[in-house]
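In: What shape does this take:
(chains A, B, C and D)
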Number of protein chains: 2
Amino acid sequence: MNMPIQSFTLSDIQALRVAELFGALGDPSRVKIIAALLQGPMNVQALAEAAGISESAASHQLRSLRQMRLVAPRKEGRLVYYSLDDQHVVELFQRALDHILHN
Amino acid sequence: MNMPIQSFTLSDIQALRVAELFGALGDPSRVKIIAALLQGPMNVQALAEAAGISESAASHQLRSLRQMRLVAPRKEGRLVYYSLDDQHVVELFQRALDHILHN
DNA sequence: TGAATATATGAGCAATCATTCATACATCAT
DNA sequence: ATGATGTATGAATGATTGCTCATATATTCA
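Out: Numbering: from 1, shown residues only, chains lettered A, B, ... in the order given. A predicted model of the protein is given here:
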């Protein structure tokens, strides 16, 4: 499995989508949020603390990640638990983490 | 091989480095440049054309990629051929491409 | 030497982005 | 109902970013 990709010239939209995907992972706060979510679902407060940002800032970032379908919310009372929602991206992220930590 | 990473709270510097790596791949022009380089080394002009940007803009972007050691220059006369210089990142990129193209 | 070509680089600018602040909304407790 | 808590959201702001333009440097050719 896994046809090798010997790609070529990407269309504008394809390049944009790849860039958007990587861009979503291209901010330290979002990186910390995603790293925290590797442990399991967490609510906004906990994620804000894990990322070292305000709850409002966390909510904004979670919105971006939500819109890209990288995370999914689950409401429980007045808490909202977020979890990672794209296994491919999780693997991508872990590889990058691996690469950095092994630098 | 491959210790599973269950990582947690990243240090500020670790998060920053992961974010910088993804950020380097988080722009459509750079995505097109890297996609073009999957075929093999190319000079600045060719990369500019492949990315649909000016040669100056390409040179600027190549500088970023160079500073992150994602590409390496090889001078040949008055041409400078760039090639991909980080196999891990190449694999990361191809996975993302695969993911997007298979959406 | 002088002109042309390929690339690099700095300044300036417009656009994007991450955060803060104020506020709104929903849920729970009293 | 009232107040408190958790989250969401819009506007404003400061920082970053990708590009253009002008210019510099290096190499080749005449």
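In: Correct me if wrong: residue A:25 contacts residue A:31.
Out: Yes: Residue A:25 lies in contact with residue A:31 (C-beta atoms under 8 Å); the separation is 6.5 Å. (Glycine included, C-beta is placed from N, CA and C.)
In: what's the overlap in contacts for these two?
Out: Contact criterion C-beta atoms under 8 Å, 6 or more residues apart in numbering or on different chains; residues shared by residue A:25 and residue A:31: B:18-19, B:22.
In: Now secondary structure, neighbour count and distance to residue A:57 too, for the residues you listed, in CSV please.
Out: Formatted as CSV, these follow (DSSP: H, G, I helix; E, B strand; the rest coil; neighbours: other C-beta atoms under 10 Å in any protein chain shown; distance: C-beta to C-beta, whole Å):
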residue, secondary structure, neighbour count, distance to residue A:57
B:18, helix, 26, 18
B:19, helix, 22, 15
B:22, helix, 23, 19
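In: Quick one: low-confidence residue ranges for chain A.
Out: A:1-8 (pLDDT under 70).
In: ok, the residue in it positioned nearest to DNA strand D - how many residues close by?
Out: Relative to DNA strand D, the nearest point of chain A is residue A:43 (3.2 Å; C-beta to the nearest atom of the strand). Counted with other C-beta atoms under 10 Å in any protein chain shown, residues neighbouring residue A:43 total 19.
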